[in-house]
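> any chance you could fold what I've pasted below:
(2 chains)
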Amino acid sequence: MYNNVLNLLAILILISSFTLVANKRQNAYITTFRLQSLLLALISLIISVKSMIETKKFDEVIFIFLLIVVFKVIVIPMAMRKTSDRVEYKVEKDFFINIPISMLICCGLVVLCWYVVHHVEGITNPTTENYLIYSLSVVMIGLFFMISRKKALGQIIGFLVIENGLFLAAMMTTDGMPMIVELGLFFDLLTAFLIMGIFVFKINSTFDSIDVNKLKHLKG
Amino acid sequence: MIPAFIIIPVLAGGLVWISKNRIFIHAINLIGAAGLLIISILSLIDINNNKVIASSGLLKNIFYMDSLSGYILFITTLAFFLVSLYSISYFGQELKKKVITIGKLKLYYSLSNAFVLSMIIALTTRNMGVMWISIEATTLASAFLVGFYNNKRAIEAAWKYLIICSVGIAFALLGIILLFYSSTVKLGGARISGLDWSYLIKYAVALDPSILKIAFIFILIGFGTKVGFSPMHTWLPDAHSQAPSPVSALLSGVLLNTAMYGVIRVMSIVNKCLGSSNYTGNLLIVLSVLSIGTAAVFILVQQDYKRILAYSSIEHMGIIALGLGICTPVSIFAALYHTFNHAMTKLMLFLATGNVYLKHHTKKISSIHGLIKTMPVTGIVFVLGTFAITGMPPFGVFMSEFNTVVGALFSKKYLVTALLLLFLSMIFAGFTKQLGKMFYGKNSNPEIKQGELDIIGPAVLIILLCITFLAGIYIPTPFKELMDNTTNIILGMGE
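Predicted structure coming up:
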């Protein structure tokens, strides 16, 4: 039961990253990202509650649950939406590769991740192997999302999705890293998000657009 | 001793905000940097006597230093001290010309202290997770330093730097998670020690080789992005050329070494687990030859003198990686020695470009002539530095490159050696052809007056010239001992 629920949630996270690639508008990306973070928060809640019931001791993973809910589900999407309202003047086509081809590429990425993880002999537990495949795929799809979008905001969302994939990997394969590392990771991510947000405004005011294609003064 | 490393930059970075007095701000930062240098020398003495410095109490599981961390930390603090001294001259001139305000100066000092703080934590921690966090923090602290001038190009460079390095380093985290997975599965043990490199290297043989192999690839790509290995190097020339010169010097002389330190730690764990250095060695050698080759080609076509130096950083990181990849005592010694020589020589060159830029307000090679006549000290240091960085005797870089070549020949890597020598000669040709135009000839711009801008800037250059020259002819015994100990640690013979 426990494993089935976790497996289901992990698969839903993978599917949500496919949804993200299929989204056309910035507000839709933000909603999908919020949904994905909510699923991640659920996973951390289940892991921590289970370990608290088993060991009858307080488990630190519950903090991660709270942090994910507060920041990734509420604060970051809200800030993104505000930024997007402030810098977005008109809706334009925001992707290089059309959506059906993008979906096919993402399927290819999942197969590639399966191939890589399956051939590591040391991972003997099939459940762990599956979790690693899902999380590695989320990372890869996030990376693909970053390179397929032209707007700076799309790149930030891609970065956040990559981080979600990493959190998924850390939680599912190892039952959580040491607390100090988890907390450090979280605040690092938050600062990265803040700084990227500031740069979006800077790019918007110096280049009159957040289209990163216009950033091509430096070459070679 | 380690807490002092953390407290000083925090204090210095905070205290600059309490006053508006220019001299006070410069002085606070300089005192902080000098304090860091002194503590790092004291801790080196401690390490030479006791092998390691371990913390006790709450920080026991976080901080730990051995010769390798001490050595890189010494380079970091020495470079930071010299850059702080130079900043007084550089930003003093910029203030005088009203290019920046006093608020920007404070921002520069507190960000550069945060930058150094994050590198210090990366170098003194024993936890791979904390190391990753602080290496990522270096990117965040220096993003605003790269985009310091807030013009189109600077913002573009900073955005590229931020995105490429953050994403690249995410792969290193994936590698560290795999390493942690392997240690929890195979060693059991408490959560906190599963990421401790001193623990991992002790029990490396028990870890799973196949997981470690894939973890090493992820970590090499991740930290390698930050080191500037080709083909992940694309952020490096932009960031180095657009940042103010003192920042470029810190990026090139210090940051790249810190990222390389992360690769070295993981490399020795993986080598010990696999029982040979073939796997990591081959990967490192391929990346290093690719980096040196890329640098050799791109140096030939640059029009911006800071970009040439940036590509040269890629080249030298490649040479260090080559020494590490060959993994014999000679080559590792050469790599460590090269780390120091490259840091000092590159610091000298970037600071020299700072003087040139302040006077000429352009980074284009073609609009600068007769540098030796107009700026005698900077010009001559720049010429000598060009020869030093391309590997001419009697400077330090020559000695360490020579040792790397000897190491490569001893381990029968003839093809790699041949390629290395070919690329090195291409780089020498590129440097002299490109930069030579700047030094000689006659200054045709009537606005450029004869003479240096002030005393401190050229004085720092002369100190650095002495260091690079001395490093080429003589290594003091304690230093030699330190590097020998470090070599043993990297080869896994330290225990």
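> distance between stretch B:101-110 and the chain's centre?
23 Å (C-alpha atoms, centre = their mean, to the nearest Å).
> need the residues that contact that stretch.
B:12-14, B:16-17, B:20, B:22, B:25, B:28-29, B:87, B:91, B:95, B:100, B:144-145, B:148, B:244 (C-beta atoms under 8 Å, 6 or more residues apart in numbering or on different chains). All C-beta spots, glycine's among them, are computed from the backbone N, C-alpha and C.
> buried members of the residues you listed into PyMOL, please.
Listed next is the PyMOL selection for buried residues among those, using 16 or more other C-beta atoms under 10 Å in any protein chain shown:
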select buried, chain B and resi 12+13+16+25+28+29+87+91+100+144+145+148+244
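> in helices only, show me the contacts of stretch B:101-110.
B:A12, B:G13, B:G14, B:R22, B:I25, B:I28, B:N29, B:S87, B:F91, B:L95, B:F144, B:L145 (DSSP state H).
> what about chain A, any weak spots by pLDDT?
Residue ranges of chain A with pLDDT under 70: A:88-94, A:220.
> near chain A too, which of the ones in helices among the contacts of stretch B:101-110?
B:F144 (C-beta under 8 Å from any C-beta of the partner chain).
> would TSV of the ones in helices among the contacts of stretch B:101-110 with pLDDT be doable?
TSV is the format used below for the ones in helices among the contacts of stretch B:101-110 (pLDDT from 0 to 100):
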residue	pLDDT
B:A12	93
B:G13	92
B:G14	92
B:R22	90
B:I25	94
B:I28	94
B:N29	95
B:S87	95
B:F91	94
B:L95	93
B:F144	94
B:L145	95
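> tell me the one among the ones in helices among the contacts of stretch B:101-110 nearest to B:H360.
Distance to B:H360 across the ones in helices among the contacts of stretch B:101-110 (C-beta to C-beta) is lowest for B:F91, with 17.7 Å.
> how close does the closest residue to the closest one other than its chain neighbours sit to chain A?
With sequence-adjacent residues excluded and distances taken as C-beta to C-beta, 6 or more residues apart in numbering or on different chains, B:F91 is closest to B:L105, at 5.5 Å. Counting by C-beta to the nearest C-beta, to the nearest Å, the separation of B:L105 from chain A is 20 Å.
> likewise B:I455?
34 Å.
> so who does that residue touch?
With contact set as C-beta under 8 Å, 6+ apart, B:I455 has these partners: B:S89.
> please report phi then psi for B:D304.
phi -120, psi 130 (degrees, to the nearest 10).
> tell me how many other residues crowd it.
19 (other C-beta atoms under 10 Å in any protein chain shown).
> likewise B:S425?
Residues near B:S425, counting by other C-beta under 10 Å: 13.
> and it, what element?
helix B:414-439 (DSSP states H and E).
> quick one: average pLDDT of that helix?
Averaged across helix B:414-439, pLDDT comes to 93.
> now do it: which elements does it pack against?
helix B:278-299, helix B:305-326, helix B:371-374, helix B:376-389, helix B:396-410 (3 or more C-beta pairs under 8 Å, 6 or more residues apart in numbering or on different chains; DSSP states H and E).
> out of those helices, which comes closest to chain A?
For those, distance to chain A was read as C-beta to the nearest C-beta. The smallest value, 6.6 Å, belongs to helix B:278-299.
> returning to that earlier point: quick one: the helix holding B:S425 to chain centroid distance?
How far helix B:414-439 lies from its chain's middle: 21 Å, per C-alpha atoms, centre = their mean.
> list the buried residues in it.
Per 16+ other C-beta under 10 Å, helix B:414-439 contains these buried residues: B:416-417, B:419-420, B:423-424, B:426-428, B:430-431, B:434-435, B:438-439.
> pick the one among these closest to B:S366.
Looking across the buried residues of helix B:414-439 and measuring by C-beta to C-beta, the closest to B:S366 is B:M438, at 8.9 Å.
> pretty sure the closest one is touching B:I368, no?
Yes: between B:M438 and B:I368 there is a contact at 4.7 Å, judged by C-beta atoms under 8 Å.
> intersection of neighbour lists for the two?
B:Y305, B:V356.
> what about the helices in the stretch 151-300 of chain B?
Using DSSP state H, counting those that start in this stretch, the helices found in the stretch 151-300 of chain B span residues B:152-187, B:197-202, B:209-227, B:235-242, B:245-250, B:256-274, B:278-299.
> tell me the helices and strands packed up against the last one.
Right, the one you point to is helix B:278-299. helix B:209-227, helix B:256-274, helix B:305-326, helix B:414-439.
> what mean pLDDT does the first one have?
In this case it means helix B:209-227. Mean predicted lDDT for helix B:209-227 stands at 94.
> same question, the second one
The predicted model assigns helix B:256-274 a mean pLDDT of 95.
> so how far is chain B from the most centrally placed residue in chain A?
Residue closest to the average C-alpha location in chain A (C-alpha atoms, centre = their mean): A:V161, at 1.6 Å. Using C-beta to the nearest C-beta, we find A:V161 at a distance of 11 Å from chain B.
> what about residue 42, neighbour count?
Chain wasn't specified; assuming chain A. 18.
> meant chain B actually
A count of neighbours around B:L42, defined by other C-beta under 10 Å, yields 12.
> list the contacts for it?
The contact partners of B:L42, by C-beta under 8 Å, 6+ apart, come to B:M1.
> tell me the spacing between it and B:P478.
Applying C-beta to C-beta, to the nearest Å, the value for B:L42 to B:P478 is 13 Å.
> what do you get for B:L419?
Distance from B:L419 to B:P478, counting by C-beta to C-beta: 36 Å.
> and if you look at B:I28?
31 Å.
> contact partners for B:H369?
By C-beta under 8 Å, 6+ apart, the neighbours of B:H369 are B:K437, B:M438, B:Y440, B:G441, B:K442, B:N443, B:S444.
> are any of those buried, and which?
For those, buried by 16+ other C-beta under 10 Å: B:M438, B:N443.
> thinking again about what came up before, helix/strand/coil for the residue nearest to the centre of chain A?
helix (DSSP: H, G, I helix; E, B strand; the rest coil).
> rewinding a little: can I get the helices and strands packed on helix B:278-299 in JSON lines including distance to A:K151?
Output for these, formatted as JSON lines (distance: least, C-beta to C-beta, whole Å):
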{"stretch": "helix B:209-227", "distance to A:K151": "23"}
{"stretch": "helix B:256-274", "distance to A:K151": "29"}
{"stretch": "helix B:305-326", "distance to A:K151": "28"}
{"stretch": "helix B:414-439", "distance to A:K151": "37"}
